[in-house]
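Peer 1: after the sequence you'll find the predicted model.
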Amino acid sequence: MSDFRALEAWAGALLQNLGAPARRALARAVAAELRRRQGTRIAEQRNPDGSAYEPRKPQLRLRLRPGRVRRAMFARLRTTRFLKAQSSPDAAVVTFIGRTQRIAAVHQFGLRDRVNRAGLEVTYPQRELLGFDDADVDRITDLVLAHIAG
């Protein structure tokens with residue numbers, strides 16, 4: 001995370017020289033790239049530090065069917081319908097929208113939630129859906145340099 005703060009300080013001085021439309025275009029490019037990278041990482045079921053998500057608990061209904069059934073976690077959550085990239089001249093944001101935001105927060109921070117409306121409460125393991133790794137910081141740096149140079 002200290003790399004991200006260093007990137008923010010370095011890029012802040014360069015970006016203040018750009019006009020609002022140029023900053024908005026750069027923010028849009030950064031947000032779209034981060035959204036793509038976050039979706040890919042969620043599909044790989046990896047935390048930002050590179051560790052694997054804690055596997056989900058076995059589901060009895062799925063084991064009764066013949067053959068092996070393996071469902072990926074967060075398959076719909078990472079689609080563009082729910083994982084949105086937003087930008088303004090001052091910010092680039094990747095966020096979940098609607099009811100999926102609550103589901104994502106429960107898994108992001110490892111909170112307690114009900115399994116279903118009438119179900120019991122369960123403490124979910126922490127699975128970081130959104131976050132930065134070193135490759136993300138490097139890619140943002142490349143995008144900023146390419147935008148300023150071009």
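Peer 2: Okay, I see it. Everything numeric in this text was worked out from a predicted model, so none of it was measured. Numbering: from 1, shown residues only.
Peer 1: mean confidence (pLDDT) on the helix ranked longest in the chain, please.
Peer 2: Ranked by number of residues, the top helix in the chain under DSSP state H is helix 20-43. The pLDDT scores in helix 20-43 average 94.
Peer 1: now it - C-alpha only, PDB.
Peer 2: Only the C-alpha atoms of helix 20-43 are listed here, as PDB (Å, rounded to 0.1, in the frame of the first residue of the first chain):
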ATOM      1  CA  ALA A  20     -10.200  18.600 -16.500                       C
ATOM      2  CA  PRO A  21     -11.100  16.800 -19.800                       C
ATOM      3  CA  ALA A  22      -7.600  15.200 -20.000                       C
ATOM      4  CA  ARG A  23      -7.800  14.100 -16.400                       C
ATOM      5  CA  ARG A  24     -11.300  12.700 -16.900                       C
ATOM      6  CA  ALA A  25     -10.000  10.700 -19.900                       C
ATOM      7  CA  LEU A  26      -7.100   9.400 -17.900                       C
ATOM      8  CA  ALA A  27      -9.300   8.500 -15.000                       C
ATOM      9  CA  ARG A  28     -11.700   6.600 -17.300                       C
ATOM     10  CA  ALA A  29      -8.800   4.600 -18.700                       C
ATOM     11  CA  VAL A  30      -7.400   3.800 -15.300                       C
ATOM     12  CA  ALA A  31     -10.900   2.800 -13.900                       C
ATOM     13  CA  ALA A  32     -11.500   0.600 -16.900                       C
ATOM     14  CA  GLU A  33      -8.100  -1.100 -16.600                       C
ATOM     15  CA  LEU A  34      -8.500  -1.600 -12.800                       C
ATOM     16  CA  ARG A  35     -12.000  -3.000 -13.300                       C
ATOM     17  CA  ARG A  36     -10.700  -5.500 -15.900                       C
ATOM     18  CA  ARG A  37      -7.800  -6.500 -13.600                       C
ATOM     19  CA  GLN A  38     -10.000  -6.900 -10.500                       C
ATOM     20  CA  GLY A  39     -12.400  -9.100 -12.500                       C
ATOM     21  CA  THR A  40      -9.600 -11.300 -13.700                       C
ATOM     22  CA  ARG A  41      -8.200 -11.700 -10.200                       C
ATOM     23  CA  ILE A  42     -11.700 -12.500  -8.800                       C
ATOM     24  CA  ALA A  43     -12.100 -15.100 -11.500                       C
END
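Peer 1: enumerate the positions of it that are buried.
Peer 2: Buried residues in helix 20-43, counted by 16 or more other Cβ atoms under 10 Å: 23-24, 26-27, 29-31, 33-35, 37-39, 41-42. Just so you know, the C-beta spots here come from the backbone N, C-alpha and C atoms, and that holds for glycine as well.
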